[in-house]
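Asker: got a predicted model here, sequence first, then my questions.
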Amino acid sequence: MAAAPLLPATVAAASAKAPAPYGPLPSERQLRWHEMEVYAFIHFSPNTFTDREWGNGDEDPSVFNPPAFDADAIAAALKAGGMTGAILTAKHHDGLCLWQTDATDHSLKKSSWRGGKGDVVKDLSEAVRRAGMKFGVYLSPWDRNSALYGRPEYVMTYRQQLRELLTRYGPIYEVWHDGANGGSGYYGGANETRRIDRRTYYDWPATWELERSLQPDAIIWCEIGPDIRWVGNESGYANDTCWETYNPIGPDGGPAAPGYSRAGQEGGTGHRNGAQWLPPECNTSIRPGWFWHERENARVKSPAQLMNLYYRSVGRGGCFLLNVPPDRCGLVHENDAASLRGFNAMVKGTFRQNLAEKAKVAASNVRAKGAKAFGPRNLLDGDRYTYWSTDDAVLTAEVTFDLGKPVKFNVARLRENIKLGQRVDAFALDQWKDGAWAAFAEATSIGSCRLVRTKEDITTNRVRLRITKAAVCPALSDFGLFLEAGDSAKS
């Protein structure tokens, strides 16, 4: 049977040549990660019951005893907060494994909770997926309980734990390796300080290769990659200029390793011409601490504070990893749950409607003699990967949006088609005011998402986007104007 003839628009799209990709490009797993935007940490361990942040490793496993633990209730609270996934601390520095491991005796097998048969990893992985979210695991490389820590044998134990987590509990979307390594601990009763060479001890390339073989779609976080980087703080934000690309560098200028890098100084900005696509994950806790403490029940971040962090993480090209620790009962405290619900209401309310969606749009240049495949209307179709682009030689250009009537907004959103790399170096936004264009914002990096908040509400019937500097022809996939919902204080 003969193929149907191509329609004229299809012919134009097929014949128009797309821009060449620029610089490092995201992998498929990184693209899926960018689309998640907001997900949860779940810090849960003996620390929850001992009122500590770091356990020494000598805690009796029976101290872990959440009488009303409800994985589905935890997942529901996270889902109501707009989380797209959840990463559980399957083992923190104290070494207690929250699953039925065969790699060590220090696990829930030794706990009185559920008669030694409990498996938090199993329960939460299943509940999180039932709620329509993805599940990830945190496994601390440091183990203050293990008598083997600091010896070569411990690395084999660590990898055995990883193998169990990555083969017994279904698809894992992210594996998280903490950068805390070595120091004082129980170490099987030795009660001493043990130091390791962070650059060589774990042989991280071999560990990552194991993870790739077991969960090839999983993102791996380890301060310097290999998929996403530490943003350099635990306050949940990236810098105003934040590039998706990055070069991991050691403190001495040589090779970097987890726990041995300049990420604390450079992770928040990245490197404009970095050799790797290593976007920032912005992590923080909804409370002052990472674990639940009763004294912090009145110090939960408000919805407005979380919204501010959303703008400074997702809105600067990263993802927002928000820790929500269960309490001693094994539930998300109502103060935390209420804040999550308020935060999600703000995000949904703000971005429910693109006020520029029906605008008449025109560009100063459209690639391939105005080919529809690269037209500015693609900026308003809600697709991250259809895009407006210019001819190769055109590195500065503008797009005007005629809104048809005065529209009030205070947030603008831009996205690049990151499948083609990060291409834009700077842009500006103008409003039509008193018969002339007046600038209301200027910024640099865009990447997967750039959110611009104005100091005051703007009301105008026309808006102009100007690309003022680009390394190669721009390829923008999204433009939106929005009005904030709720009491989202400016930052």
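Answerer: Great, that's in hand. Owing to the predicted nature of the structure, the values given are computational and were not obtained by experimental measurement.

Asker: how about the spatially closest residue to residue 352 that is not a sequence neighbour, phi and psi?
Answerer: Nearest non-adjacent residue to residue 352, counting by C-beta to C-beta, 6 or more residues apart in numbering: residue 485, 7.7 Å away. C-betas here are computed from N, CA, C, even on glycine. With angles defined as degrees, to the nearest 10, residue 485 shows backbone torsions of phi -100, psi 140.

Asker: right, and residue 485 touches residue 345 too?
Answerer: Yes. Between residue 485 and residue 345 there is a contact under C-beta atoms under 8 Å: 7.1 Å.

Asker: low pLDDT regions in the protein?
Answerer: Along the chain, the parts satisfying pLDDT under 70 run over 1-15, 487-491.

Asker: helices of that one, start to end?
Answerer: 8-15, 28-36, 47-50, 71-80, 120-130, 152-168, 204-214, 263-266, 303-313, 334-351, 367-370 (DSSP state H).

Asker: make CSV from those helices and add distance to residue 21 and mean neighbour count to it.
Answerer: Formatted as CSV, those follow (distance: least, C-beta to C-beta, whole Å; neighbours: other C-beta atoms under 10 Å):
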stretch, distance to residue 21, mean neighbour count
helix 8-15, 18, 12
helix 28-36, 13, 17
helix 47-50, 45, 21
helix 71-80, 36, 21
helix 120-130, 34, 21
helix 152-168, 31, 17
helix 204-214, 23, 15
helix 263-266, 24, 17
helix 303-313, 26, 22
helix 334-351, 28, 19
helix 367-370, 15, 16
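
Asker: residue 292 is nearest to which of those?
Answerer: helix 47-50 (5.4 Å; C-beta to C-beta).

Asker: what does that closest one rub up against?
Answerer: 53-55, 59, 63-66, 92, 94, 291-292, 325-328 (C-beta atoms under 8 Å, 6 or more residues apart in numbering).

Asker: try stretch 93-104
Answerer: By C-beta under 8 Å, 6+ apart, the list of residues contacting stretch 93-104 reads 44-47, 54-57, 59, 61, 64, 88-91, 106-109, 117, 119-122, 140, 142-146, 157, 160-161, 164-165, 168-169, 178, 180.

Asker: stretch 382-397 now?
Answerer: Contacts for stretch 382-397 (C-beta under 8 Å, 6+ apart): 18-19, 35, 354, 363-368, 374-379, 399, 415-417, 419-420, 466-478.

Asker: next: stretch 152-164.
Answerer: By C-beta under 8 Å, 6+ apart, the surrounding residues in contact with stretch 152-164 are 90-91, 97, 99, 101-104, 139, 141, 143, 146, 148, 175, 201-203, 207, 210-211, 214.

Asker: out of those residues, which are buried?
Answerer: If you count burial by 16 or more other C-beta atoms under 10 Å, the buried members of the contacts of stretch 152-164 come out as 90-91, 97, 99, 101, 103-104, 139, 141, 143, 146, 148, 175, 201-202, 207, 211.

Asker: count the neighbours of residue 170 for me.
Answerer: By other C-beta atoms under 10 Å, the residues close to residue 170 number 13.

Asker: the contacts of stretch 382-397 in strands, which ones?
Answerer: 363, 399, 415-416, 466-470, 475-478 (DSSP state E).

Asker: list the contacts of the closest residue to residue 227 other than its chain neighbours.
Answerer: Ranked by C-beta to C-beta, 6+ apart and with sequence neighbours excluded, the top spatial neighbour of residue 227 is residue 219, at 4.5 Å. Contacts for residue 219 (C-beta under 8 Å, 6+ apart) come out as 29, 30, 33, 136, 173, 174, 175, 227, 228.

Asker: sorry, back to before: the contacts of stretch 93-104 in strands, which ones?
Answerer: Per DSSP E, the subset of the contacts of stretch 93-104 in strands is 88, 89, 90, 91.

Asker: from residue 325, how far out is the third one?
Answerer: Taking C-beta to C-beta, to the nearest Å as the measure, residue 90 falls 14 Å from residue 325.

Asker: residues touching residue 288, list them.
Answerer: Going by C-beta under 8 Å, 6+ apart, residue 288 touches 296, 299.
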